[in-house]
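*Asks:* have a look at this prediction, sequence included:
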Amino acid sequence: MLLSLAAPAAALVFSIALSALALQLSGNDPFDALSAMWDYGNRTNVRISIINEAVPLYLSGLAVAVGFKMGLFNIGVEGQYGLAALLAASVGGTVDLPAPLHVALIIVVAMAVGGAWAGVAGVLKVTRNVHEVISTIMLNFIATGFGAYLLADYLKEEAPVGGLNVKTPEIPPSGQFPSLNRLLDAVGVEVPSGANLQGFVLIALLAGFGYHVLVNRLRFGFDLRASGINPWAAQTSGVAPKAMVVRTMFISGAIAGLVGLSALLGFSHQYTLDFPTGFGFAGIAAALLGRNHPVGIAIGALIFSYLNKSAQILDLEDIPKEIVTIMQGIIIISVVVAYEVVRRLVLAQEAHAAGSTEPPGPPGPQEQRTEVTA
């Protein structure tokens, strides 16, 4: 347990040290840079922004982690949530329902689209033996092109003559997710003007709890983990491997479908050409840092979000903010190496413990003679 916690902590410390060295070599004081990032990141409005950005990162990490538990690499979260957000925005902007049902419909549509798009990769794997890394990456490109085609020809809002911004119809207030600013006010947090804590953070917390129950408390989760550890043994125990692959990919994609809803329901209320991207691949880093644990993924998402937001002050300090990209890359590499070192240490300890508790063998010739004489 201590080794598992030490691995990401050591990776984080190592990344900060190497980033400080890179800053020093580039002629910048690392203490000034880190101090500026710390002071800026602890402002209330920046903290709210950090949490808002951490929500899609967290959901993306959960989506990736479901596949990781079975040894599947869903690299297609980017395309899955992009296409899901587009179709969910289109449906949400064209219906008129009471508030809870309207929001629920948008969420269901997004999860269904994301799950179906990821399920394609699962079907290709079990029917044509196409590796999911290849198929999900290719599906990312297809989703981008297909989504652009749908938006331009079928789903865009009728714009006035001369309008250049292609977007879906705006989701009415009944389909929008309220902010949590009132809750912050109730607990004594003074929210600065313009800051808005998106309420979708509650859905992210529910998704994390659901992930925990699914993976650690249900029979499906046991079969999922067993298939990831030893697929042949799982098949012997009655698990259908092909069906498990398709179901796992569908669940992973369904969670991925939620990634874009934080911005859609809490901020933009419509899908536009500049809809937020990049959360799919960043979620992989959060899942790796959090070691596929819901709490660990949350911490990883907050760390990466903190680095992204606090780096905005560096330009004003004449410090290259690209140092944060270097730091994030070092964190990912360090975490992978650290976990491998921990895995080998654990295996070595288990092998040593098994050797020390090995039952004694048959008595040697000298012992046999002693026993006969007695």
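*Replies:* Perfect, thanks for sending it.
*Asks:* need the contact partners of stretch 36-52.
*Replies:* Taking contacts as CB atoms under 8 Å, 6 or more residues apart in numbering, the residues outside stretch 36-52 that touch it are 189-192, 194-198, 201, 262, 266, 302, 305-307, 309-314, 317, 319. Using the backbone N, CA and C atoms, a C-beta is placed for each residue, glycine as well.
*Asks:* PyMOL command to pick out the buried ones of the residues you listed?
*Replies:* Selection of buried members from these for PyMOL, criterion 16 or more other CB atoms under 10 Å:
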select buried, resi 191+195+197+198+201+262+266+302+305+306+307+309+310+311+313+314+319
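*Asks:* measure the most centrally placed residue in the chain to residue 15 for me?
*Replies:* Computing the C-alpha centroid of the chain and ranking residues by CA atoms, centre = their mean puts residue 61 first, at 1.2 Å. In this view, residue 61 and residue 15 are 18 Å apart by CB to CB, to the nearest Å.
*Asks:* just residue 143 next, same as before
*Replies:* Distance from residue 143 to residue 15, by CB to CB: 32 Å.
*Asks:* check which helices and strands the lengthiest helix in the chain is in contact with.
*Replies:* Ordering each helix of the chain by length in residues (DSSP state H) puts helix 322-356 first. Using 3 or more CB pairs under 8 Å, 6 or more residues apart in numbering; DSSP states H and E, the elements in contact with helix 322-356 are helix 2-25, helix 279-290, helix 294-310.
*Asks:* quick one: pLDDT of residue 372?
*Replies:* Residue 372 carries a pLDDT value of 40.
*Asks:* ugh, typo on my part, it should be residue 328
*Replies:* On pLDDT, residue 328 comes in at 88.
*Asks:* same question for residue 361.
*Replies:* Looking at residue 361, the pLDDT reads 54.
*Asks:* ok and the longest helix of the chain relative to helix 294-310, angle-wise?
*Replies:* For helix 322-356 against helix 294-310, the angle by axes from the mean of the first three to the mean of the last three CA atoms, to 10 degrees is 160 degrees.
*Asks:* can you pull out the low-pLDDT segments for the stretch 151-300 of the chain?
*Replies:* Scanning the stretch 151-300 of the chain for pLDDT under 70 picks out 160-164.
*Asks:* strands of this structure, start to end?
*Replies:* Using DSSP state E, no strands are found in the chain.
*Asks:* returning to that earlier point: could you list which of the contacts of stretch 36-52 belong to helices?
*Replies:* If you go by DSSP H, the contacts of stretch 36-52 have 201, 262, 302, 305-307, 309-310 in helices.
*Asks:* residue 112: which of these is nearest?
*Replies:* Proximity of these to residue 112 (CB to CB) peaks at residue 262, which lies at 18.0 Å.
*Asks:* how close does the closest residue to that closest one other than its chain neighbours get to residue 208?
*Replies:* Once flanking residues are discounted, residue 262 sits nearest to residue 200: 4.1 Å by CB to CB, 6 or more residues apart in numbering. Note on residue 200: its distance to residue 208, by CB to CB, is 13 Å.
*Asks:* of the two, give the one with the bigger neighbour count.
*Replies:* Remark: of residue 200 and residue 208, residue 200 carries more neighbours, 27 against 19, as counted by other CB atoms under 10 Å.
*Asks:* the more buried one reaches residue 261, doesn't it?
*Replies:* Yes. With contact defined as CB atoms under 8 Å, residue 200 and residue 261 form a contacting pair (6.2 Å).
*Asks:* if I look at the two, which residues touch both of them?
*Replies:* Here residue 200 and residue 261 have residue 177 as joint contacts, going by CB under 8 Å, 6+ apart.
*Asks:* run a quick neighbour tally on residue 236.
*Replies:* By other CB under 10 Å, 9 other residues sit near residue 236.
*Asks:* how close does it sit to residue 220?
*Replies:* Separation of residue 236 from residue 220 (CB to CB): 18 Å.
*Asks:* and the residue nearest to residue 262, what is it in contact with?
*Replies:* Neighbouring residues of residue 200 by CB under 8 Å, 6+ apart: 55, 177, 261-262, 265-266.
*Asks:* hmm, try it at 10 Å
*Replies:* Applying CB atoms under 10 Å, 6 or more residues apart in numbering to residue 200 gives the contacts 52, 55-56, 59, 103, 107, 177-180, 207, 258, 261-267.
*Asks:* for it, grab phi and psi.
*Replies:* Backbone torsions of residue 200, given as degrees, to the nearest 10, read phi -70, psi -10.
*Asks:* any idea how far it lies from residue 58?
*Replies:* Counting by CB to CB, the gap from residue 200 to residue 58 is 11 Å.
*Asks:* need the overlap of contacts for the two.
*Replies:* In contact with both residue 200 and residue 58: 207, 258, 262, using CB under 10 Å, 6+ apart.
*Asks:* ok, and the closest non-adjacent residue to the second one?
*Replies:* On the basis of CB to CB, 6+ apart, the spatially nearest residue to residue 258 that is not a chain neighbour turns out to be residue 59, at 4.9 Å.
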